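A.B. asks: coordinates for the following, if possible.
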Amino acid sequence: MYKRHKLENGLKIIAKRLSNVQSVALGIWINIGSRYEDPAQKGISHFLEHLLFKGSRKYSCRIIKESIEGVGGSLNGFTSEEHTCYLVKIPHRYLPKALDILSDMVINPSLSPVDMEKEKTVVLEELKMYRDLPQSYVYELLDGLLWPQQPLGSPIIGTVETVNSISRGALRSFQSTHYTPVNMVISAAGLLDDDLLVKKVSAIFSPIKNAKANTFIKAQQFQNKPQLKIFNKSTEQTHMALGFHALERDHSLRHAQSLLHIVLGANMSSRLFNEVREKRGLAYEIGTGLKRYHDTGVFLVHAGIDNHKVSDCLGVILQELGITKKSLVSQDEFRRAKEFYLGQLSLALEDTMEYMLWMGESAACLDKVYSLEQVIKEVDKVSLEDIRLVARQIFKNAALNLALIGPLEKNQKQIYAKLNIG
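C.D. replies: Reported below is the predicted structural model:
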């Protein structure tokens, strides 16, 4: 199914040839993100990602953009808690050029002092933007409840103080220490020559010496009672993020957790959408989500709620979570959840970029990649009891965390009294 190769210095290559497309998606993944950072360096992974697009030894910022976009391609990057990724999607014949550009950005970034000062302003404006968007900022508040005084509980972008304090020397040291082959995965999907890709990657990266793998401190969970954080703000609606510590990325019940997410809030057929929005009109936006990490995870419920109906909406949500602990989901829900899960994955894998992201994340995190057929077999084995077991493991009153943004200063005691799963 996949072409896999590992260089002597530890760099991994994962590729999938798709013969019925004309594009190739390519990503360079680095096992470095916000949870690897020291407190004083918060945001340095994200800031470095920004700087790499400003130019490298061989390519200026303008040439990087024009070389990709000038032939119809797209170029981007992202930083998460556990990864940084630089990626392109491009007509297949331009793959060698795209590889050369991305690799030079990663290996030989210019990191000029002028670019650094300008980009600090850009990043700080990005930080302000997130703070001004309650539907985004509420997740930052929730992370702080889930992992207080821990890297996972701090914003990926950092703070005004930490971003301003990043020096060129610190940035250069961080890049040379962590952007090393043993911490990298090259992922590619589309109309490509597997052997040629391996040959070109080897020529570029093999001369780089081996180094230590990046490490992080495991997440700690000390919670023994429900937690509530209200950010009082004059908004037209209240933004809610309700979160529970959940399963790690490769847990044996991970598919059951995904099916629970689908049953509760992944689409318009879900229980929360029907109960909260359709039947009672308590919220416009309502759904669930999952975050997966090496050693932990989050099951969350998010909603945009009428300011006067927060307690009522919260009561319905917690009641629905409680039902999944007590009763098995129906056979019809079970069937539809499985079909939705596998159908969404199948549709996503028709796109070269989605395929590259799926392979790259799995190879970077787990050093393995599941085929669609393997996933189908594993999902088929999930039982109704597995879903209830996951609900019972996750939905505990003592593990409940609620973050709210809205004009709620006078309602804190009333809301806290509602924090009980029915």
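
A.B. asks: spit out the contact partners of Q414.
C.D. replies: S311 (Cβ atoms under 8 Å, 6 or more residues apart in numbering). All C-beta spots, glycine's among them, are computed from the backbone N, C-alpha and C.

A.B. asks: and it, what element?
C.D. replies: Take DSSP states H and E as the rule and Q414 turns out to sit in helix 412-417.

A.B. asks: export that helix as PDB, just CAs?
C.D. replies: Extracted C-alpha coordinates of helix 412-417, given in PDB (Å, rounded to 0.1, in the frame of the first residue of the first chain):
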ATOM      1  CA  GLN A 412     -21.400  31.800  38.100                       C
ATOM      2  CA  LYS A 413     -22.900  30.100  41.100                       C
ATOM      3  CA  GLN A 414     -26.000  29.000  39.100                       C
ATOM      4  CA  ILE A 415     -23.900  27.600  36.300                       C
ATOM      5  CA  TYR A 416     -21.500  25.800  38.700                       C
ATOM      6  CA  ALA A 417     -24.500  24.100  40.400                       C
END
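
A.B. asks: buried stuff in that helix?
C.D. replies: By 16 or more other Cβ atoms under 10 Å, the buried positions in helix 412-417 come out as I415.

A.B. asks: do the same with stretch 391-398
C.D. replies: By neighbour count on 16+ other Cβ under 10 Å, the buried set for stretch 391-398 is 391, 393-395.

A.B. asks: and stretch 283-298, by the same measure?
C.D. replies: 283, 286-288, 290-294, 296-298.

A.B. asks: look up the closest residue to L145, ignoring the ones flanking it.
C.D. replies: N401 (4.1 Å; Cβ to Cβ, 6 or more residues apart in numbering).

A.B. asks: now, the buried residues of stretch 283-298 that are in helices?
C.D. replies: Among these, no residue falls in helices (DSSP state H).

A.B. asks: quick check, nearest of the residues you listed to R4?
C.D. replies: Taking Cβ to Cβ as the measure, H294 is the one of the buried residues of stretch 283-298 closest to R4, at 20.6 Å.

A.B. asks: tell me what the lengthiest helix in the chain is packed against?
C.D. replies: In the chain, assigned by DSSP H, the helix with the most residues is helix 113-132. Applying 3 or more Cβ pairs under 8 Å, 6 or more residues apart in numbering; DSSP states H and E, we find helix 113-132 packed against helix 44-52, helix 134-146, helix 160-165, helix 168-178.

A.B. asks: can I get those in a markdown table with mean neighbour count and mean pLDDT?
C.D. replies: Shown next, in a markdown table, are these (neighbours: other Cβ atoms under 10 Å; pLDDT from 0 to 100):
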| stretch | mean neighbour count | mean pLDDT |
| --- | --- | --- |
| helix 44-52 | 23 | 98 |
| helix 134-146 | 20 | 97 |
| helix 160-165 | 15 | 97 |
| helix 168-178 | 15 | 97 |
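
A.B. asks: which among these is found nearest to A188?
C.D. replies: Smallest distance to A188 across the helices and strands packed on helix 113-132 (Cβ to Cβ): 19.0 Å, for helix 44-52.

A.B. asks: off-centre distance for that closest one?
C.D. replies: 17 Å (Cα atoms, centre = their mean, to the nearest Å).

A.B. asks: show me how this structure divides into domains.
C.D. replies: In terms of domains, the chain is parsed into 3-205, 227-417 (source: automatic domain parsing).

A.B. asks: good, wrapping up.
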